[in-house]
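Asks: Need the 3D shape of this:
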Amino acid sequence: MGSDYPETMLSIPLKKTDLVELYLPLRKLVASKYSESDAQKVESVLETLNKCRRDMVERRGDLSLPMQRDCLIHYFKCLSMVEPLFSVSSDADPIIFVWYDALNPEHENGVSSQRNGIQLEKAAVLFNLGAICSQIAASCDRTTSLGRHLAMEAFKVAANCFFQLWKVFAKDVVSATLDLTFVFVEFLHVLFAAQASELELQQQLNNNDGCALSFSSVHSLYLRAYLLILNVSGAAARKHVYSFDQTWVTHLHQKLTFFQAEARQRQSEPPEVYASVKSCALDHNAECVTEILVRRICGKPNLQQIYVDLILSECNPFKIVKDGKLVAYPWDMPPPYPINSAILSSSLFSRFSYILSFLPLKKSEPLNLYESLRNYFVLKYSESVAKRVEGFLEMLHKLRNEMLRDDLSLPSRRDCLVRYFKYLCMIEPFFPMSTSPNPPIFVWYNAINPQQDSSQHNIHLEKASVLFNLAALCTHIALSCDLTTIQGHRLAMEALNDASNWFSLLRFESKKASGTSDLSESYAILMANHILGFKEDFARHPQSDESSVPGYPASAYVQSSTPQYVEYLESRRRTLYVETSPSDVSHVTEQFLLGYCKSHALLQEVCQPLCLDLLSEASPVKIKDGNLVANATLEALHLALENMSLQETPQ
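Replies: Residues are numbered from 1 along each chain as shown. Purely as a prediction, here's the structure:
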C-alpha cells in the first residue's frame, strides 16, 4: 500500500490467574444438594472442567496458539454447564477465582470473584479467547494470501469476543481490573475490527475483487479506536496503558494518518483507480489456491441439531450416554469418540416404516476423485500447487469412498456425509474444470427409481445428492430410535428437524443441478411436508416415561441450533416437568445441558469462521506451513478404533 504503510498489527496479552481446585468442591456440592447418583452423572464434566482450567494456567507456555484456543473454547463450554451450581447456596467455602490485569506486567492488585461470582471467570475466559485469537492473527504470515485471510478471520473473531464481553459481561464485572472496563473492552473490539477491515481491504485490492470496503471506512475505525484509548477512564488509566506499551497510541496515530491520507487521495481520483491495482496471477500463485479452498468454508451454516450431536456425532467431545449421564472428553483428546449405540435400537412403531419407501439413500458409482483433481491442479497450476493441497484431496477422496459404504453405522455415516459436504464447498470454486482432459464425472442413481441415473461433471449434482442422503439418513436415525424412552423420542424429533434442514439446503442446491427427479425442488418440498407430518405424529405418540423424566423435553419443534431453543428448553424446564424419584434423569443434568446450549449458541456467534478450525489439532484436515494436510493423528485414531472393533454393528 505504499512505502509509508505501517505493517505492524497489534495483539493483546492474556490475563493470568491463580490456580483453583474445582472438581472436589463442585462434586461435593452436587452430591449434597442433589444426590450421589446425580454427581456420578456429571462427574466427567467436572473432571474435564478442572483439567481445562489447570491446563489453561500451567501448560500455557507449552501449548501452541491454536491449542490454547481449543482449550479456552472447551473450558468455556464446561464453565457454562456448571454455572447454575454457583447459585446454589452451600455451607462449604465458596470457590474464589482471582484474575490479574492483562496490561499489568507485575500482576499486582488482582481482582477476586468474591463479589462477581462466576461472571468474572467467564468474562476473563472470553477476554483470553479474544486475546489468543488476536495473537493467532498477528502471528500469521500476512505476506501470503492465505496468511492474510486467516489473520483477517482471527481478528474478526477477536473483535466479536470483545464485543460480546462489552455487551454481555462487562456490566457484571464493573469492579474488576481496568482491562475489563466498558471503555477498554470497547476499544479492543474496535481495534481488532479495524485491523480485520484493513486486511480485508488489502485482500480486495490485491485480488481486484472490487471495494466493498474503502480507505475512509478503515480510517473511521482507527479514529474511533484512537479516541477511545485516549479516554480510557481518565489520566490514571492512560498511564496504566502506557506502562504496558507506550507505542500503542503512536501506532494508532500512524494508522489513522495513513488511511486518512489514502482516503483523501482516492476521493480526488477517478473510480477506475481500484481496477488498476495489480494482483497476483492465480495460475502462478500457490497460496491463492489454498486460500480459495480455505475461505470457501467461512460462514457456512452449521445446521446439525445440538441434541443429535450430543448423542450421535463421533466428533463432538460432549456426549449424553446411557441413563442420561453426561461425558466430557478432555479438550486435547481428538475424535473419534465412542458413540451411544444403545439409543439406536429397532423401532417398535412399524406404522412409521413406510417412510423408508420414500427415502432410501441414493447410490453412486465409485470415483477416483484424488487422481482427477490432483491432475487438474498440476496441469492448470503446477506440481508445487498440487503438493500444497494433496492432503486435502486425499481426505476428500477417502470421505467419498466411506460415504458409499453400507456397512457403516448410521452415526458414522452421518458424520462422514457432513464432513464431505463441507469439503465439497471448499473445492466448488474450481468447477467446472473446463481445461482438464479428464474431469471427474459424478454418477448418481435415482433413490426412488434406481434404473434412472444422472452422469455429470457438475459439482452441484454431487452436493445435492449428498444433501439428499443426509436428509434420508436422518429419517433412518429417527426410525431406529426406541420411542418408548424419552431420550430416544427426543432424538427422533431432533433427527427429523435435522432432515428438514438438509432438505431446505437441497431446495436451493437443486436449482443448480439438473439431476434425477428425486433431486428436484418439488420433490424436496414434498418430502419436507412428509417429515412435518411425521414430526406431528411422533409428538402426539405417548412415551412411557415422559411424565417421570424431567431432563429431556419430548418434542422439539424449535431448532436446537438457534438461540430460541435455549428459551424453549428453559420454558420446558420451568413448566412441564417435576422430579419424581432418584432414578429419574437428574435436574442438575438438565441444567448442565441448558448451559451447554447457551455456550454453544454464543460461541457459534462469536467463533463462526470454520477456517480457524483448520488450525486445530482436532481437524481432520489441517493447515500446516501453508499446506492443506491430512491429520495423521486422527487417521491413527480411526484405524485403532476399527482394529478394536468399537464401530457399531451395521444397521
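
Asks: close enough to count as contact, residue 519 and residue 462?
Replies: No - counting by Cβ atoms under 8 Å, residue 519 does not reach residue 462; the two are 10.8 Å apart. All C-beta atoms are positioned from the backbone trio N, CA, C, and that covers glycine.

Asks: Of those two, which one has the most company?
Replies: Ranked by neighbour count (other Cβ atoms under 10 Å), residue 519 and residue 462 place residue 462 first, with 28 against 24.

Asks: Name the helix or strand for the more buried one, please.
Replies: helix 459-480 (DSSP states H and E).

Asks: before we move on, what about residue 308?
Replies: Taking DSSP H and E as the criterion, residue 308 maps to helix 306-312.

Asks: Residues touching that helix, excluding its own?
Replies: With contact meaning Cβ atoms under 8 Å, 6 or more residues apart in numbering, helix 306-312 is reached by 315-316, 318-320, 339-340, 343-344, 410-411, 414, 474, 477, 487, 490-491, 494-495, 498, 556, 560-561, 565, 593, 596-597, 600.

Asks: repeat that for 6 Å
Replies: With contact meaning Cβ atoms under 6 Å, 6 or more residues apart in numbering, helix 306-312 is reached by 316, 318, 320, 340, 343, 411, 491, 494-495, 498, 560-561, 597, 600.

Asks: That helix: how far from the chain's middle?
Replies: The chain centre lies 14 Å from the centre of helix 306-312; the measure is Cα atoms, centre = their mean, to the nearest Å.

Asks: Ok, stretch 68-78 next?
Replies: Centroid separation between stretch 68-78 and its chain, computed with Cα atoms, centre = their mean, is 12 Å.

Asks: average pLDDT across that stretch?
Replies: For stretch 68-78, mean pLDDT rounds to 96.

Asks: and what of stretch 476-483?
Replies: 85.

Asks: hey, C-alpha coordinates of that stretch in PDB?
Replies: The C-alpha trace of stretch 476-483 is given here as PDB (Å, rounded to 0.1, in the frame of the first residue of the first chain):
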ATOM      1  CA  HIS A 476     -33.400 -43.600   9.200                       C
ATOM      2  CA  ILE A 477     -31.900 -42.400  12.500                       C
ATOM      3  CA  ALA A 478     -35.400 -41.200  13.700                       C
ATOM      4  CA  LEU A 479     -36.900 -44.600  12.800                       C
ATOM      5  CA  SER A 480     -34.200 -46.600  14.500                       C
ATOM      6  CA  CYS A 481     -34.800 -44.800  17.900                       C
ATOM      7  CA  ASP A 482     -36.500 -46.500  20.700                       C
ATOM      8  CA  LEU A 483     -39.600 -44.300  21.100                       C
END
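
Asks: i'd like the first residue to be 2 from this point on
Replies: Fine by me, first position is 2 from now on; the one you just mentioned is stretch 477-484.

Asks: Tell me the buried residues in that stretch?
Replies: Across stretch 477-484, burial judged by 16 or more other Cβ atoms under 10 Å covers 477-484.

Asks: and which of those is nearest residue 450?
Replies: The closest of the buried residues of stretch 477-484 to residue 450 turns out to be residue 477 (Cβ to Cβ; 19.4 Å).

Asks: Give me the next element, helix or strand, following the worst-scoring helix or strand of the chain on mean pLDDT.
Replies: Within the chain, no helix or strand scores below helix 564-576, which has a mean of 45 by mean pLDDT, DSSP states H and E. Going down the chain from helix 564-576, the next helix or strand is helix 588-607, by DSSP H and E.

Asks: just checking, what packs against that next one?
Replies: For helix 588-607, the packing partners by 3 or more Cβ pairs under 6 Å, 6 or more residues apart in numbering; DSSP states H and E come out as helix 37-59, helix 66-83, helix 146-165, helix 564-576.

Asks: Identify each buried residue in the helix or strand following the helix holding residue 463, please.
Replies: With elements assigned by DSSP H and E, the helix or strand that comes after helix 460-481 is helix 487-510. Applying a neighbour-count criterion of 16+ other Cβ under 10 Å, one finds 487-508, 510 buried in helix 487-510.

Asks: where in the stretch 402-551 of the chain is pLDDT low?
Replies: By pLDDT under 70, the weakly predicted segments of the stretch 402-551 of the chain are 539-551.

Asks: how about 90 then?
Replies: 407-413, 435-439, 449, 476-477, 479-495, 505, 508-509, 511-512, 514-517, 522-551 (pLDDT under 90).

Asks: any idea of the mean pLDDT for the longest helix seen in the chain?
Replies: Counting by DSSP state H, the longest helix found in the chain is helix 183-208. Averaged over helix 183-208, pLDDT sits at 90.

Asks: Stretch 327-343 too?
Replies: Stretch 327-343 carries an average pLDDT of 85.

Asks: buried sites along that stretch?
Replies: Applying 16+ other Cβ under 10 Å to stretch 327-343 flags 327-330, 332-333, 335-338, 340-342 as buried.

Asks: Repeat that for stretch 34-46.
Replies: Going by neighbour count (16+ other Cβ under 10 Å), the buried part of stretch 34-46 is 35, 38-40, 42-46.

Asks: May I see the helices and strands packed on helix 588-607 organised as CSV, with distance to residue 123 added?
Replies: Output for the helices and strands packed on helix 588-607, formatted as CSV (distance: least, Cβ to Cβ, whole Å):
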stretch, distance to residue 123
helix 37-59, 12
helix 66-83, 6
helix 146-165, 10
helix 564-576, 16
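
Asks: Residue 387 is nearest to which of those helices?
Replies: It's helix 146-165; of these, that one is closest to residue 387 (Cβ to Cβ) at 15.8 Å.

Asks: still on that earlier bit, any chance of the buried residues of stretch 477-484 in CSV, plus distance to residue 156?
Replies: Below are those laid out as CSV (distance: Cβ to Cβ, whole Å):
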residue, distance to residue 156
477, 42
478, 39
479, 41
480, 46
481, 44
482, 43
483, 48
484, 48
